[in-house]
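Asks: Following is a predicted model, sequence given first.
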Amino acid sequence: MSVWRKLTGGRPGKWSVWKYNWLANHKTIDALERARPHVHGVLLDIGCGNQAFVPLIRDRASRYVGLDLERSPDAHGKGPDVLGRAEALPIRSGSVDTVLGLALLTYITEPRRMLEEAHRVMRPGGTLILEFTQIAPLWNPPYDYWRFTSFGAKHLLEEAGFEAVEWIPIGGLWAAVGLNVIGGVNRMNRGPWRIVTEIPSRLLYVVFQLGFELMDRLFDDDGERMARLVVARKTERTD
């Protein structure tokens, strides 16, 4: 059983296509690898959850600080270093070099306030690495509030005092469709019958995820993104 848990659990893997949500996770890994050179100095990870993707970039920072809510649904295992809300960061102004936010902005009631707080805690020349979700299945209702086009993301960043320097795609329309299908399979793989449905469900994960991955690559459209990882530079605000 321990071998099975190692195969099906643990951190997201780039090639572990049999795992739930591989379709999204491996694209996030690719995006973070592209954003990795921008990480420097003190890194503040807002909404750090279980810090699943942190090993990809942690060695680029001189210090890592994970921040999340006390009862975050994702903060299992290792907890955050600091408890707090993204809209009111308990962090000293001008003390952070890099701010990271993955799968975060969609679940915040005041996204602009979060960006203003990120701007406040950064040193001059600081870097923001933030995921903007555009198309994704509903998650954790009723706390799923927003979706963002590239135009909306650019507007929010500029209003908060940031200049985007790189837009990194995270999947497209077919990947988003695939996530809905995988979610349906996952809902069937629950309860007392899981001992029977587990292996067939994993096989379906492989078939569906590889199929939708192929569709996503063949019919890529930059206007239809599952999400974008935006790297932005702190500028001086004029207001």
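Replies: Thanks, I have the structure now.
Asks: Go through the chain and flag its longest helix.
Replies: Ranked by residue count under DSSP state H, the longest helix found in the chain is helix 194-218.
Asks: Check which helices and strands that one sits against.
Replies: Taking 3 or more Cβ pairs under 8 Å, 6 or more residues apart in numbering; DSSP states H and E as contact, the helices and strands that helix 194-218 lies on are helix 22-35, helix 173-188. Bear in mind the C-beta positions are built from the backbone N, C-alpha and C, glycine included.
Asks: ok, now which ones touch the spatially most central residue of the chain?
Replies: The centre of the chain sits closest to Leu102, judged by Cα atoms, centre = their mean, with a distance of 2.9 Å. By Cβ atoms under 8 Å, 6 or more residues apart in numbering, the contact list for Leu102 reads Thr28, Asp45, Gly47, Phe53, Glu131, Leu229.
Asks: sorry, back to before: and for the longest helix of the chain, what's in contact with it?
Replies: For helix 194-218, with Cβ under 8 Å, 6+ apart as the criterion, the contacting residues are 8, 17-20, 22-23, 171-175, 177-178, 181-182, 185-186, 188-189.
Asks: Okay, the residue of the chain most remote from its centre and Ile182: tell me how far apart.
Replies: Distance from the centre of the chain peaks at Val196, with 31.9 Å (Cα atoms, centre = their mean). If you measure Val196 against Ile182 using Cβ to Cβ, to the nearest Å, the figure is 19 Å.
Asks: swap in Gly171?
Replies: Gly171 is 13 Å from Ile182, by Cβ to Cβ.
Asks: partners of the strand or helix carrying Thr98, with directions?
Replies: Assessed by DSSP states H and E, Thr98 sits inside strand 96-101. Using DSSP bridges, strand 96-101 pairs in its sheet with strand 42-46 (parallel), strand 122-133 (parallel).
Asks: which one of those has the most crowded surroundings?
Replies: strand 42-46 (a mean of 24; mean count of other Cβ atoms under 10 Å).
Asks: Select, out of the helices and strands packed on helix 194-218, the one closest to Pro124.
Replies: Closest approach to Pro124 among these is made by helix 22-35 (20.3 Å; Cβ to Cβ).
Asks: Glu163 touches Ala232, doesn't it?
Replies: Yes. In this structure Glu163 lies within contact range of Ala232 using Cβ atoms under 8 Å: 6.1 Å.
Asks: Find residues that contact each of these two.
Replies: Leu157.
Asks: more neighbours, the two?
Replies: Legend: neighbour count by other Cβ atoms under 10 Å for Glu163 and Ala232, higher for Ala232 (27 against 12).
Asks: Show me what stretch 227-239 is in contact with.
Replies: Residues contacting stretch 227-239 (Cβ under 8 Å, 6+ apart): 28, 31-32, 34-35, 38, 102, 119, 122-136, 150, 153, 157, 160-171.
Asks: what's the spacing between it and its chain's center?
Replies: 17 Å (Cα atoms, centre = their mean, to the nearest Å).
Asks: Go through it and flag the buried ones.
Replies: Residues Ala227, Arg228, Leu229, Val230, Val231, Ala232, Arg233, Lys234 are the ones in stretch 227-239 that count as buried (16 or more other Cβ atoms under 10 Å).
Asks: next one: stretch 164-176
Replies: Those would be Ala164, Trp167, Ile168, Pro169, Ile170, Gly171, Gly172, Leu173, Trp174, Ala175, Ala176, for stretch 164-176 by 16+ other Cβ under 10 Å.
Asks: pLDDT check: weakest of the contacts of Leu102?
Replies: Lowest pLDDT within the contacts of Leu102 is found at Phe53 (92).
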